[in-house]
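A.B. asks: Here's my sequence, what's the structure:
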Amino acid sequence: MRLRIITVLLVFLLSCTSDGGKGKNKVIPPSRLKTIVEANRTGKAKGEPAKGGKQSRSHISPQKHKNHRSKPVKVINITHTRQPDSIRLSNIEMLRISGIEPDLSEPLNRDLLLHQSGDTIFGSAISLSRDRVLKIGFDNDIFDYTDQFYTNGIRFDFVAPAISDNPVKHILLPYWSKAKNYYGISLVQNLYTPSTTKAGGILYGDRPYSAYLSIGSFKITNDETHHFRQTSELDLGVIGPPSMGGLVQDLFHKYVPNNNEPLGWENQIATDVVIDYSFALEKGIINSEYVQLIFTGTGVLGTLYTNFGGGFSLRLGWFNDYFSDLGIRKRRILKASGARVAQYFFTLKGMARVIAYDATLEGGMINTNSEYTIPASAIANIITQSSLGFTVTYGGLGIELEQNLLSPEFSYRWWHAWGHIGLFFAL
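C.D. replies: Numbers count the residues shown, from 1 in each chain. Model prediction:
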């Protein structure tokens, strides 16, 4: 009897345990009870219901675990930020794939290349031109049957993208809009004589003998969209006997018929250093297919010249836009871009300059020991210069002829004229 009572109580307690307190009135058959006890003893159930039974409370099922509250979990979002160098290199690569070579010396480009979105730089970047151009300019007053004042000049300009690597570029004028840059070097020699070279000694009141030789580094920026061109140049050289002006004129007169040996170069402007920084700003006002009117502002500051001026240039004829290139390109490039392969046009120019200093008249700024100079009080404060020219180009070859007229530079009150020949080559 006692055994039966104990068995009934045990069955009642186990049934309550297996139901979690929810099925208190449910009775589990002895056979089922034995199965549950054996499963719990051996650990085979491991929280899963025995065959045909409920889960044991000693094991929390995965489903029940999901319903339990847990402590708040902090979620940390990790954002990977690209480094500036990585962004810059990626943008440069994108530009080059698109055929654009960015000029990394421009502050605008350095800012644009740090943008996360590379697309923003395509419409704003300043590119480096791949054009290679050689220009040779020759001036002489023999074309006007004179031999005086500005009597001879020669200038070589060579433009190539490799020149952009020189350190002078950092002091040349920057630009702040979409454009194309051209870098070049120049070599210049100019000669000046009095009104006659047949008389020896010093001709007081006349122009002194002088010559200078300089090498320059320049940068031209073309903004075709806004019809604007910006040029800046640093020139270094020498004025005086080391410039070899007397030697060049002696050789020229020796091989040109009916020319006497020039006398008086021993009294030329004394040796001094040339350091000049110049700029020019050109803006297209009228830009039609056959007519182009351009306003110009210029300035020079240095030991050779210091002056500021302004003027205009009028082009009439068959030409490509002045601001699209340097006036000469290879034939295949012109055809590919839809530009005119042949160009022929007239150019009329006018310029006025305010003169602050002219070493070819006043002598060097540092070395003041020249035998003869013209005092600043005798030098014209304002001079004008005009010219009429004609240019023909075909593909990568071109020639220009120009006649120049200059107002009196000093108290001698003589106007002066000379001719100019220019040759262009796209390399």
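
A.B. asks: List the residues that contact Gln148.
C.D. replies: With contact set as CB atoms under 8 Å, 6 or more residues apart in numbering, Gln148 has these partners: 141, 193-197, 207, 414, 416. For the C-beta atoms, the positions are set from N, CA and C on the backbone; glycine is no exception.

A.B. asks: Please, where are all the helices along the stretch 151-300 of the chain?
C.D. replies: Residue ranges of the helices in the stretch 151-300 of the chain, as given by DSSP state H, counting those that start in this stretch, are 245-255.

A.B. asks: So for Ala45, what's the pLDDT?
C.D. replies: We have a pLDDT of 41 for Ala45.

A.B. asks: all strands of the protein, in order?
C.D. replies: Counting by DSSP state E, the chain has these strands, from start to end: 126-128, 133-140, 149-159, 179-193, 210-223, 228-239, 272-287, 291-302, 305-318, 342-358, 382-394, 397-406, 416-426.

A.B. asks: Give me the buried subset of the contacts of Gln148.
C.D. replies: Neighbour counting by 16 or more other CB atoms under 10 Å classes 141, 193-195, 197, 207, 416 among these as buried.

A.B. asks: would JSON lines of those with pLDDT and distance to Phe158 be doable?
C.D. replies: Compiled in JSON lines, those are given as follows (pLDDT from 0 to 100; distance: CB to CB, whole Å):
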{"residue": "Asp141", "pLDDT": "94", "distance to Phe158": "26"}
{"residue": "Thr193", "pLDDT": "96", "distance to Phe158": "29"}
{"residue": "Pro194", "pLDDT": "96", "distance to Phe158": "34"}
{"residue": "Ser195", "pLDDT": "94", "distance to Phe158": "35"}
{"residue": "Thr197", "pLDDT": "91", "distance to Phe158": "32"}
{"residue": "Arg207", "pLDDT": "96", "distance to Phe158": "31"}
{"residue": "His416", "pLDDT": "96", "distance to Phe158": "29"}
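
A.B. asks: Save those as JSON lines, and put in distance to Asn222 too.
C.D. replies: As requested, the buried ones among the contacts of Gln148 are exported to JSON lines (distance: CB to CB, whole Å):
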{"residue": "Asp141", "distance to Asn222": "33"}
{"residue": "Thr193", "distance to Asn222": "37"}
{"residue": "Pro194", "distance to Asn222": "41"}
{"residue": "Ser195", "distance to Asn222": "41"}
{"residue": "Thr197", "distance to Asn222": "42"}
{"residue": "Arg207", "distance to Asn222": "37"}
{"residue": "His416", "distance to Asn222": "32"}
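
A.B. asks: Among the residues you listed, which pair sits farthest apart?
C.D. replies: Spatial extent of the buried ones among the contacts of Gln148 (CB to CB) is set by the pair Thr197 and His416 at 14.5 Å.

A.B. asks: nearest to Lys330, of the strands of the chain?
C.D. replies: Relative to Lys330, the nearest member of the strands of the chain by CB to CB is strand 416-426, separated by 4.8 Å.

A.B. asks: The closest one to strand 397-406, inter-axis angle?
C.D. replies: Taking axes from the mean of the first three to the mean of the last three CA atoms, to 10 degrees, one finds that strand 416-426 is oriented at 160 degrees with respect to strand 397-406.

A.B. asks: neighbouring strands for strand 416-426, and are they parallel or not?
C.D. replies: Counting by DSSP bridges, the strands paired with strand 416-426 are strand 133-140 (antiparallel), strand 397-406 (antiparallel).

A.B. asks: Turn these into TSV, columns for distance to Tyr290, mean neighbour count and mean pLDDT.
C.D. replies: Formatted as TSV, the entries for the strands paired with strand 416-426 read as follows, by distance: least, CB to CB, whole Å; neighbours: other CB atoms under 10 Å; pLDDT from 0 to 100:
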stretch	distance to Tyr290	mean neighbour count	mean pLDDT
strand 133-140	24	18	98
strand 397-406	18	17	98
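
A.B. asks: Need those strands in CSV (columns: distance to Lys330).
C.D. replies: As requested, the strands paired with strand 416-426 are arranged in CSV below (distance: least, CB to CB, whole Å):
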stretch, distance to Lys330
strand 133-140, 10
strand 397-406, 10
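
A.B. asks: Quick one: closest of those to Leu104.
C.D. replies: Taking CB to CB as the measure, those were each checked against Leu104, and strand 133-140 came out nearest at 21.8 Å.

A.B. asks: who's in contact with that closest one?
C.D. replies: Strand 133-140 is contacted by residues 150-159, 182, 184, 190, 326, 328, 404, 418-427 when judged by CB under 8 Å, 6+ apart.

A.B. asks: Filter those down to the buried ones, ChimeraX style.
C.D. replies: If you want just the buried ones from those in ChimeraX, going by 16+ other CB under 10 Å, the selection is:
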select :150,151,152,153,155,157,158,159,182,184,190,326,328,404,418,419,420,422,424,426
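
A.B. asks: Show me the shaky parts of the stretch 101-250 of the chain.
C.D. replies: Where the stretch 101-250 of the chain drops to pLDDT under 70, the residues are 116-121.
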